[in-house]
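Student: How does the following fold in three dimensions:
(one chain, ligands or ions: 2)
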Amino acid sequence: MERVVLITGANSGIGLALCERLLTEDSQLRLCLACRNMQRAEAARSALLTSHSNAHVDLLQLDVGSVQSVLSAAQEVKARYNRIDFLYLNAGIMPNPQLDLNAFFKGLFSRNVVRMFATAEGILTQQDRLNSDGLQEVFATNLFGHFLLIRELEPLLSRLVWTSSSNARRSAFSMEDMQHREGRESYSSSKYASDMLSLALNRQKNSQGLFSSVICPGLVMTNLTYGILPSFFWTLIMPVMWLIRIFTNTFTLTPHNGAEALHWLFLQNPESLDPRAKYHSLTSGLGTNYTQPRQMDIDEGASDVLYSKLLELEKEVRRKLSEENADEEMSAVKYGLLTLQT
Ligand SMILES: NC(=O)C1=CN([C@@H]2O[C@H](COP(=O)(O)OP(=O)(O)OC[C@H]3O[C@@H](n4cnc5c(N)ncnc54)[C@H](OP(=O)(O)O)[C@@H]3O)[C@@H](O)[C@H]2O)C=CC1
Ligand SMILES: CC(C)CCC[C@@H](C)[C@H]1CC[C@H]2C3=C(CC[C@]12C)[C@@]1(C)CCC(=O)C[C@@H]1CC3
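Tutor: Numbering: from 1, shown residues only. Ligands and ions are numbered 1, 2, ... in the order given. Take a look at the predicted model:
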């Protein structure tokens, strides 16, 4: 039977590499590339069809950072498919990243140097902003849009896989400020929230046949990392990166390597997976790829609280949206009446 796989943020980086790997694994697959920019989506589709000429590759317009776009895209998915075998929640952003060079050089000579290279703890901050839905952009894109998509598509779903990060950190997340309006680690906070949400989804939905997993791709050279340091700089220091890989297997570096755990999960029976584990893509000093589960630092109770808070926020945004739509209808009627009178 043809399996249907939907991938958000599939037009570049790890998402696109995953598409390549899945098509190589199963040529009968129906892939749906959910992207915000259709030109970039078309380019990705062409690239995939060059290497897999008979592949079924569909495109879906989806901006996960916009409530209206998620709701419209979900309608479209329901019209097109009667089930989604795998939903990869991969789209993500890290806007305006700032590297603290002082902390980086201090870290180089500390006991935490390997940890710093693996997680970027203490050396990376971001500047976030409000989007047009009145939500923090990083939270909306990396977490809430995906949550809404799952809620809309729930009856069609069986497997969810989140692209999280080693940068996800408990101390960056606050339940009182889940959108991270206050701090400067919105990326870390959103990724920790996705880890929690995955656990909550497993607790709430496993009995109904829905399973969720989280992965960490390691440090990968993509548009996201080129936003932290320019691509020429990364190319320049590539020999150093290969050297560092001997000490930390988290420097996966290529999108293909980074997609290792995403691909590995595609081959696993969901019942055999640990809902409290994050599955890491790792690459050894000799360049061998493998997947390793590592326990996440998460409370089950807290994950349930986050789940309820997301449900509340969902209600609120839906109410706001229907009020806005009603207002628009009213003014259209008023405008129509006015033009009729004149
Ligand atoms: N690179 C790394 O080292 C690591 C990456 N990750 C995570 O991996 C995931 C993939 O990122 P990566 O491949 O590195 O980076 P890329 O920037 O190459 O890929 C991100 C993808 O997400 C898409 N995207 C961003 N915002 C939206 C949106 N609002 N709606 C729909 N799609 C959107 C991008 O589309 P567009 O091209 O239009 O911008 C792009 O296709 C992210 O979740 C990231 O946080 C985690 C750990 C490490
Ligand atoms: C000499 C070089 C190796 C210096 C590079 C220093 C930093 C730019 C990087 C060290 C650890 C990296 C890292 C990320 C970005 C680049 C570093 C901060 C991520 C935050 C990228 C996105 C993620 O999700 C996790 C990565 C963790 C490690």
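
Student: The closest residue to ligand 1 within the stretch 51-200 of the chain: which element?
Tutor: Proximity of the stretch 51-200 of the chain to ligand 1 (Cβ to the nearest ligand atom) peaks at residue 92, 2.2 Å away. C-beta: built from backbone N, CA, C; applies to glycine. If you go by DSSP states H and E, residue 92 is not part of any helix or strand.

Student: Contact partners for the residue positioned nearest the centre of the chain?
Tutor: The C-alpha lying nearest the average C-alpha coordinate of the chain belongs to residue 90 (Cα atoms, centre = their mean; 3.1 Å). Taking Cβ atoms under 8 Å, 6 or more residues apart in numbering, we find residue 90 in contact with 7-10, 14-15, 18, 161-163, 262.

Student: In helices only, show me these.
Tutor: 14-15, 18, 262 (DSSP state H).

Student: List just the nearest of the residues you listed to ligand 2.
Tutor: In terms of Cβ to the nearest ligand atom, no member of those lies closer to ligand 2 than residue 14, at 10.2 Å.

Student: on that earlier part again, of the contacts of residue 90, which is the nearest to residue 231?
Tutor: Ranked by distance to residue 231 (Cβ to Cβ), the contacts of residue 90 are led by residue 14 at 16.1 Å.

Student: Touching, the closest one and residue 260? I think so.
Tutor: No. Counting by Cβ atoms under 8 Å, residue 14 stays clear of residue 260, with 9.9 Å between them.

Student: so how far is the host helix or strand of residue 315 from its chain's centroid?
Tutor: Secondary structure from DSSP H and E places residue 315 in helix 300-341. Mean-position distance between helix 300-341 and its chain equals 25 Å (Cα atoms, centre = their mean, to the nearest Å).

Student: How about stretch 201-212?
Tutor: The answer for stretch 201-212 is 19 Å, by Cα atoms, centre = their mean.

Student: Ok, stretch 67-77 next?
Tutor: Worked out by Cα atoms, centre = their mean, stretch 67-77 lies 17 Å from the chain centre.
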